[in-house]
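Asks: Any chance you could fold what I've pasted below:
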Amino acid sequence: MIIMALDHVRDYFHADAFLYDPLDLSKTTLILYFTRWVTHFCAPIFVLLAGTSAFLSGQRKTKKQLSFFLVTRGIWLMILEETVVNFEWFFNFHFNFFILGVIWVLGLCMILLAGLIFLPKRLLLIFGLVMVAAHNLLDKTVVPDHNALGFLWGALHQQKIFQIGHIHIAEFYHVIPWVGVMALGYCLGELFTKDFDPAKRKRILLRIGISSWLLFIIIRTINVYGNPYPWTPQETPVFTLLSFLNVHKYPPSLDYLLVTEGFAMIFLSLTENVSNRLTRVISVYGRVPMFYYLCHLILIHLGAMLAAVLTGYKWSDMVSFDDWITEMPRFRGYGFPLGTVYLIWIVLVIILYPICKKYDRYKSLHKEKWWLSYL
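Replies: Residues are numbered from 1 along each chain as shown. From the prediction side, this is the model:
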């Protein structure tokens with residue numbers, strides 16, 4: 001959650017964000033590249049652990065009760081994405097630009113998982129593995145038409161901007177393979193049950209993580225399958241490595257998922273039962289993820305309005321977006337150096353800490369309020 005905020009702050013405050021893609025090897029710098037690249041870990045781990053959370057929640061429910069919860073929560077997340085979250089991103093009361101983003105796909109995959117949980121565990125595991133490993137076979141399947149079939153395929157696997165009259169829908173997060181990732185997270189949940197041996201769990205997680213990284217290195221080295229864009233030799237060994245690591249996110253390639261979810265497995269293995277002042281602070285944000293998400297977006301956008309005024313722009317320049325902020329020509333010339341972006345990010349996270357802590361305490365003291373589980 002903390003690292004995710006860095007990427008969003010960069011979008012709204014970094015001067016170069018309005019000029020080029022930070023992963024463009026012909027223009028980027030090493031620190032800018034990794035400022036963007038490190039945030040690749042956020043969405044895959046969110047989706048994976050959402051599946052794990054669903055499994056653990058199901059330990060206290062029947063399958064039917066869990067299915068109902070997943071459907072209702074999924075619908076809520078999809079509505080939230082296209083209303084409150086949409087407004088926080090764009091400050092546009094006309095609602096003529098929508099993004100099918102990470103909250104949307106989390107909700108949609110939860111609805112699909114509500115049915116998948118009735119499959120035998122082994123079959124669900126196979127489904128998840130096939131979805132993740134084989135979906136790149138669909139990369140060359142393109143449906144450019146702006147009709148129902150084009151929209152459906154965009155939601156399933158193809159990144160595109162879908163147009164309906166004056167409304168544009170950016171299809172960035174796709175059912176394939178994200179629903180497979182969530183299914184694998186659900187299967188992973190069995191490792192975190194109370195009766196599972198912690199030492200065995202740590203060994204399994206570490207083996208899965210290391211195996212994922214080794215498989216990533218092998219597949220990426222072969223450079224034939226696993227990512228829509230092959231890596232290429234660059235002018236220096238360091239930039240050749242950056243090309244090697246430049247994995248595709250929309251939709252997430254097999255290589256992308258191997259390196260990010262592999263890291264998640266290793267991290268979970270090595271940090272289990274680690275408890276200190278830092279982890280106690282960080283856990284506050286993790287216990288109220290949706291609340292944090294909504295708060296950080298509104299603060300970033302309000303902060304960008306203030307920054308615009310202080311740098312010679314109008315506050316109104318930061319409202320009524322009809323495209324992603326970095327794609328809007330009027331912001332070329334606006335923004336700050338990367339060091340300032342990091343400072344803004346740190347200040348944002350610090351400001352949000354007491355707010356999140358207070359809300360976390362409220363949730364813990366009012367467990368009888370069912371609606372709190374949706375925020």
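Asks: all contacts plus neighbour counts: C-alpha atoms, from now on.
Replies: OK.
Asks: So His168 belongs to a strand, correct?
Replies: Yes. Counting by DSSP: H, G, I helix; E, B strand; the rest coil, His168 falls inside a strand.
Asks: how near is it to Met318?
Replies: Going from His168 to Met318 by Cα to Cα, to the nearest Å gives 19 Å.
Asks: So those two - more neighbours on which side?
Replies: The residue with more neighbours, out of His168 and Met318, is Met318; 23 against 17, by other Cα atoms under 10 Å.
Asks: who are the neighbours in contact with the nearest residue to the more buried one once chain neighbours are set aside?
Replies: Leaving out its chain neighbours, the residue that sits closest to Met318 by Cα to Cα, 6 or more residues apart in numbering is Met305, at 5.6 Å. Residues near Met305 by Cα atoms under 8 Å, 6 or more residues apart in numbering: 314-318.
Asks: ok, the residues you listed vs Gly101, which is closest?
Replies: Met318 (20.7 Å; Cα to Cα).
Asks: For the most far-flung residue of the chain relative to its centre, report the pLDDT, please.
Replies: The outermost residue of the chain relative to its centre, with distances by Cα atoms, centre = their mean, is Gly312 at 33.1 Å. On the pLDDT scale, Gly312 is placed at 93.
Asks: Mind checking what secondary structure it has?
Replies: The three-state label for Gly312, taken from three-state DSSP, comes out as coil.
Asks: and the contacts of Met305, which are buried?
Replies: Buried subset of the contacts of Met305 (neighbour count, 16 or more other Cα atoms under 10 Å): Met318.
Asks: could you dump the contacts of Met305 to JSON lines with secondary structure and distance to Val105?
Replies: Below are these laid out as JSON lines (DSSP: H, G, I helix; E, B strand; the rest coil; distance: Cα to Cα, whole Å):
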{"residue": "Lys314", "secondary structure": "coil", "distance to Val105": "34"}
{"residue": "Trp315", "secondary structure": "helix", "distance to Val105": "32"}
{"residue": "Ser316", "secondary structure": "helix", "distance to Val105": "31"}
{"residue": "Asp317", "secondary structure": "helix", "distance to Val105": "30"}
{"residue": "Met318", "secondary structure": "helix", "distance to Val105": "27"}
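Asks: Tell me, what's the model's pLDDT at Glu272?
Replies: Per-residue pLDDT puts Glu272 at 88.
Asks: And for Arg60?
Replies: With respect to pLDDT, Arg60 has a value of 89.
Asks: Quick check on it: phi, psi?
Replies: phi -110, psi 10 (degrees, to the nearest 10).
Asks: same thing with Ala183?
Replies: According to degrees, to the nearest 10, Ala183 has phi -60, psi -40.
Asks: Point out where the stretch 151-300 of the chain drops to low pLDDT.
Replies: For the stretch 151-300 of the chain, no stretch has pLDDT under 70.
Asks: can you give me the strands for this protein?
Replies: Taking DSSP state E as the criterion, the chain contains strands spanning 97-100, 160-164, 167-171.
Asks: looking at the ones you listed, which is buried most?
Replies: Neighbour counts (mean count of other Cα atoms under 10 Å) averaged over each of the strands of the chain peak at strand 97-100, with a mean of 22.
Asks: what residues does it touch?
Replies: 81-82, 86, 155, 167-173, 321-323.
Asks: out of those, which one sits closest to Ile45?
Replies: Using Cα to Cα, the contacts of strand 97-100 come closest to Ile45 at Tyr173, 14.2 Å.
Asks: May I have the phi/psi pair for the closest residue to the closest one other than its chain neighbours?
Replies: Leaving aside its chain neighbours, Tyr173 sits nearest to Gly101 (5.3 Å; criterion: Cα to Cα, 6+ apart). Main-chain dihedrals, Gly101, degrees, to the nearest 10: phi -100, psi -160.
Asks: one step back: okay, the strands of the chain in CSV with distance to Leu294 next?
Replies: Formatted as CSV, the strands of the chain follow (distance: least, Cα to Cα, whole Å):
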stretch, distance to Leu294
strand 97-100, 15
strand 160-164, 24
strand 167-171, 20
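Asks: nearest to Ile282, of the ones you listed?
Replies: Of these, the one closest to Ile282 (Cα to Cα) turns out to be strand 97-100, at 28.1 Å.
Asks: Parallel or antiparallel, list what pairs with that closest one.
Replies: strand 167-171 (parallel) (DSSP bridges).
Asks: how about the CA coordinates for the partner strand, as PDB?
Replies: Output of strand 167-171 as PDB, limited to C-alpha atoms (Å, rounded to 0.1, in the frame of the first residue of the first chain):
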ATOM      1  CA  ILE A 167     -17.600   8.300 -23.100                       C
ATOM      2  CA  HIS A 168     -14.300   6.600 -23.100                       C
ATOM      3  CA  ILE A 169     -13.600   3.400 -21.100                       C
ATOM      4  CA  ALA A 170      -9.900   2.500 -20.500                       C
ATOM      5  CA  GLU A 171      -9.700  -1.300 -20.200                       C
END
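Asks: Just want the angle from that strand to strand 160-164.
Replies: 150 degrees (axes from the mean of the first three to the mean of the last three Cα atoms, to 10 degrees).
Asks: Pull the residues that contact strand 167-171.
Replies: Contacts for strand 167-171 (Cα under 8 Å, 6+ apart): 95-101, 154-155, 158-163.
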